[in-house]
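A.B. asks: Quick one, fold the following:
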Amino acid sequence: MSTLASSFEKVPVVDVHRNNFRSFWPSILFACKDASFIAVDVELSGLGPRKNLVVKDLNERYKLVCDVAKTRAVLSLGISCFKYKPSSRKESQFAVQTYNITTLCDQDYMVEPAALQFLVEHGFDFNKQYSKGILYHTGPDKGSEIDDISIRNLFGEILMSCKPVVVHNGFIDMAFLYQHFYTNLPPSFSQFLVDLSEMYKGGLFDTKYLAEFTARMPSSYLEYVFRKCLRDNSNHTACEERHITLTFQEYPDGSRFVEYHPCTLPETNQGIQTEHKKKICHLYSAFGFCKKSNCEDSHDLDVILDADQTRTEQKKKRRRRKRKMKTEEGQLDEESKENEPSPSPVLESDSQMDAAEADEPPRKLGKAENGPAVSMTNDGGLALGKANENSSVSPRQHGSHRAGFDAFMTGFALACIVNEQGKFPSEGEEEEGRQLEGFGMSREANKLALTGKNIPMLIMKSSYAKSSQAHREKMERLSSSEGR
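C.D. replies: This next block holds a predicted model:
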């Protein structure tokens, strides 16, 4: 393993396909079982009509999502395993292994032109998928395949590891993973929630929900969340505050099965001064994509984050100014208060604006989040950054949008949010052989973001619903296989 600084330049992602899946099987299983948490992401052949993803009634929305999950396919599965290693009071170290697994459904499925166009634009190789994709089938198990080396059994191993699983905007991901690698989706939304609560014994964490409701970020699409976490973590390192440090597996130079994804930060603001002079594209800033093919406004995430940081600092200054005014007013005696004129309408309006800004929820992603740029992963992720000219990382020909790298971004975001909002055990606090439990964020577990809703989807058992029969049979098979 090689140790990298908290601001790293590249992330290795192992490319797994039909020709090397068997050889990588032992290392993938070990990484999953040894992990403190596992981040997952999927690339899909489509999401169906976007209006179906924002239906207000959740029971109806679930039925529509089920129809999509049963008719579309998973094109690739990303898995990123984060193993916590207690180090020092100011450093939380993780060993990370990330895999991008190309899959191929052996049944007929629908594809959407917008989805395929987006994937092609970001380097997805359909020739490779059809020639080397790992075959899988949807629905329940067939025969004795519970003992086979397959994607289905890999997903079962993840569930049986009882580790926390991390997703970004994971409602649709959960439906696809269930239908394609587990068994048939249950008929009702209430049963689906009960099944999920029993499947993911280590808990589910959704970084979109955490970004909106816990970290209170201005935007919550995956690339924005990752980039903000990367910058904040770099600042914590520079200020000698508690930060995240990662170690990656070393691979031989020129390894054909490893892709390196650039994650460089600009050394100074001088490199983006030209972009700062441009007007920011507010659609891209809020949702991570722009409908204009030749938009002249800036899409640079560092510029967007700088602007958001400036607005945040201005809000803090206004709140401090308001508190100072209230303190000064409180020191006046009753006679002064009686003789004091009423506050001017302007000041009163400013105070109300400050209060509203202090309590306003983060911007919600509505239909725009499920536009052409996010038709596969429902997270708004686009190609990440550019390597510095002097960087040792060579530009990749295939872009940076991959299920594996998206899974890594999701896992890194969780680690950083926990570093800010939760608690990692210090060295010696964690009992040997015992996994982390909730990272001090148990209240945030089992809550998935819901597009168009200002409340999360709660994954919990209910007195009014039972788990589905197909799920109980599947869990029984997994348990019996685990015991052998």
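
A.B. asks: Name the single longest helix found in this protein.
C.D. replies: In the chain, with assignment by DSSP state H, the single longest helix is helix 301-330.

A.B. asks: From the contact counts, what lies against that helix?
C.D. replies: If you count contacts as 3 or more C-beta pairs under 8 Å, 6 or more residues apart in numbering; DSSP states H and E, helix 301-330 packs onto helix 222-238, helix 273-277, helix 282-287, helix 345-359. All C-beta atoms are positioned from the backbone trio N, CA, C, and that covers glycine.

A.B. asks: List the buried residues for the longest one?
C.D. replies: Residues 222-234, 236-237 are the ones in helix 222-238 that count as buried (16 or more other C-beta atoms under 10 Å).

A.B. asks: Between these, which sits nearest Glu444?
C.D. replies: Closest approach between those and Glu444, by C-beta to C-beta: Val225, at 14.5 Å.

A.B. asks: and the closest one, what does it touch?
C.D. replies: His168, Thr207, Lys208, Ala211, Met217, Ser219, Met409, Ala413 (C-beta atoms under 8 Å, 6 or more residues apart in numbering).

A.B. asks: Now the last one. Its backbone dihedrals?
C.D. replies: Just to be clear, that refers to Ala413. phi -60, psi -40 (degrees, to the nearest 10).

A.B. asks: Can you get me a residue count around it?
C.D. replies: Neighbourhood size, Ala413 [other C-beta atoms under 10 Å]: 28.

A.B. asks: Identify the residues contacting it.
C.D. replies: His168, Thr207, Leu210, Ala211, Leu222, Val225, Phe226, Cys229.

A.B. asks: so how far is Phe412 from the closest residue to it other than its chain neighbours?
C.D. replies: Spatial nearest neighbour of Ala413, excluding adjacent residues (C-beta to C-beta, 6 or more residues apart in numbering): Thr207 at 4.4 Å. Thr207 sits 9 Å away from Phe412, going by C-beta to C-beta, to the nearest Å.

A.B. asks: the more surrounded of these two?
C.D. replies: A side-by-side neighbour count of Thr207 and Phe412, using other C-beta under 10 Å, places Thr207 first with 30 against 27.

A.B. asks: who's in contact with the more buried one?
C.D. replies: Contacts of Thr207 (C-beta under 8 Å, 6+ apart): Val166, Val167, His168, Leu222, Val225, Thr410, Ala413, Leu414, Ile417.

A.B. asks: Quickly run through the sheet partners of the helix or strand containing the first one, with directions.
C.D. replies: This means Val166. Per DSSP states H and E: Val166 is located in strand 165-167. Strand pairing for strand 165-167, determined by DSSP bridges: strand 37-44 (parallel), strand 204-206 (parallel).

A.B. asks: contacts for that strand?
C.D. replies: 37-41, 158, 173-174, 200, 202-207, 410-411, 414, 448.

A.B. asks: same deal with stretch 152-159?
C.D. replies: Residues contacting stretch 152-159 (C-beta under 8 Å, 6+ apart): 25, 28-29, 32-33, 38, 40, 79, 101, 136-137, 141, 145-147, 165, 177, 181-182, 199-201, 478, 481.

A.B. asks: what's the answer for stretch 17-33, then?
C.D. replies: 14, 16, 38, 79, 81, 83, 97, 99, 101-102, 104, 128, 132-135, 149, 154, 157-158, 161, 163, 257.

A.B. asks: pLDDT weak spots in the stretch 1-150 of the chain?
C.D. replies: 1-7 (pLDDT under 70).

A.B. asks: Show me which positions of the helix or strand hosting Val65 end up buried.
C.D. replies: Element membership of Val65, judged by DSSP H and E, is helix 58-71. The neighbour-count check on helix 58-71 (16+ other C-beta under 10 Å) flags Leu58, Arg61, Tyr62, Lys63, Val65, Cys66, Val68, Ala69, Lys70 as buried.

A.B. asks: residue boundaries of the strands in this structure?
C.D. replies: Taking DSSP state E to define them, one finds strands in the chain at 2-3, 10-16, 37-44, 74-88, 91-105, 134-136, 165-167, 204-206, 243-248, 258-262, 447-448, 457-458.

A.B. asks: what's the burial count for the residue nearest to Gly139 when sequence neighbours are not counted?
C.D. replies: Closest residue in space to Gly139, ignoring its immediate chain neighbours: Asn184 at 5.0 Å, by C-beta to C-beta, 6+ apart. Here the count is done by other C-beta under 10 Å, and Asn184 has 18 residues near it.

A.B. asks: now Asn184: how far from Glu121?
C.D. replies: 33 Å.

A.B. asks: now do Ser298
C.D. replies: 20 Å.

A.B. asks: now Thr245
C.D. replies: 34 Å.

A.B. asks: for Asp147, what are its contacts?
C.D. replies: Asn153, Ser481.

A.B. asks: And it, how far from Arg477?
C.D. replies: In terms of C-beta to C-beta, Asp147 sits 10 Å off from Arg477.

A.B. asks: Pretty sure Thr237 sits against His243.
C.D. replies: Yes. Between Thr237 and His243 there is a contact under C-beta atoms under 8 Å: 4.6 Å.
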